[in-house]
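Visitor: let me see the structure of the following:
(one chain, ligands or ions: 1)
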Amino acid sequence: MENATQNWEQMTYPFYNINLSYNLHALEPYIDAKTMRAHYDRLLANYIKNLNQILENRLELQGLTLSELLNYAETNHDLELRRQAGGVYNHFFFFTELRPATGQIVIGITPQATQKITAAFGGWKTFKEQFASAALSIFGSGYAWLIKNAKGELKITTTANQNVPQDGTPILCLDVWEHAYYLQHLNERQAYLDAFWNVVDWVKFSERI
Ligand SMILES: [Fe+2]
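Guide: Numbering: from 1, shown residues only. As a prediction, this is how the structure comes out:
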């Protein structure tokens, strides 16, 4: 189970849904099981099915990882491939960066991670505020991201639809499509955002940053 979770970035066709290191009700009360079933079990599974259908007869693409497929789609303006491969990549990233809440004591943040966040944003509070403001600014469907650019600088950015960031390596992503929160929070994106911080896997975050 753990290997599947860690190795999705190396996965090639045929794609399959990853096993998560937590149960679908384990993120409650922050993200409820009903939302997780709709989001992870059904919506992500559908992106995977669509991506496999696209790749079924395209032998030249079957050995490519999600990142490689996305690069190919970008270069060749293959919108449908970009949508489906992006939908799988973004959801794999999102679901594997989460973990059950650890209560009042946040565990897993290394001093180095705090140092980098402080250097780039002035501290955790301002980082979270700026990330929230980016997430709230997305009109329609998309993602908020913390990325590291080619110069090694941390930047907050957003992408529309199932696009992935083109200007750096993802560190953290937040799915702000309504399907990610509507069942639980209706249209209250801010409430979803507040809940999100409780279920981030800070160990993984600290490794990536
Ligand atoms: Fe989603």
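Visitor: every contact and neighbour count from this point should use C-alpha atoms.
Guide: Noted.
Visitor: and what about the spatially most central residue of the chain, helix, strand or coil?
Guide: With distances taken as Cα atoms, centre = their mean, the chain has residue 94 as the residue nearest its mean C-alpha position (2.6 Å). Residue 94 carries the three-state label helix when classified by DSSP: H, G, I helix; E, B strand; the rest coil.
Visitor: can you tell me the closest non-neighbouring residue to it?
Guide: Using Cα to Cα, 6 or more residues apart in numbering and skipping the chain neighbours, the partner closest in space to residue 94 is residue 173 (6.0 Å).
Visitor: what about the host helix or strand of that neighbour, distance to the chain center?
Guide: According to DSSP states H and E, residue 173 maps onto strand 169-175. For strand 169-175, the distance between its averaged C-alpha position and the chain's averaged C-alpha position is 5 Å (Cα atoms, centre = their mean, to the nearest Å).
Visitor: then stretch 148-167?
Guide: The answer for stretch 148-167 is 12 Å, by Cα atoms, centre = their mean.
Visitor: wait, isn't residue 55 in contact with residue 63?
Guide: No: contact criterion Cα atoms under 8 Å: residue 55 and residue 63 do not qualify, at 9.9 Å.
Visitor: for the two, list the residues in contact with both.
Guide: Jointly contacting residue 55 and residue 63 under the rule Cα atoms under 8 Å, 6 or more residues apart in numbering are residue 13.
Visitor: domain map for the protein?
Guide: 2-96, 111-208 (automatic domain parsing).
Visitor: all set, thanks.
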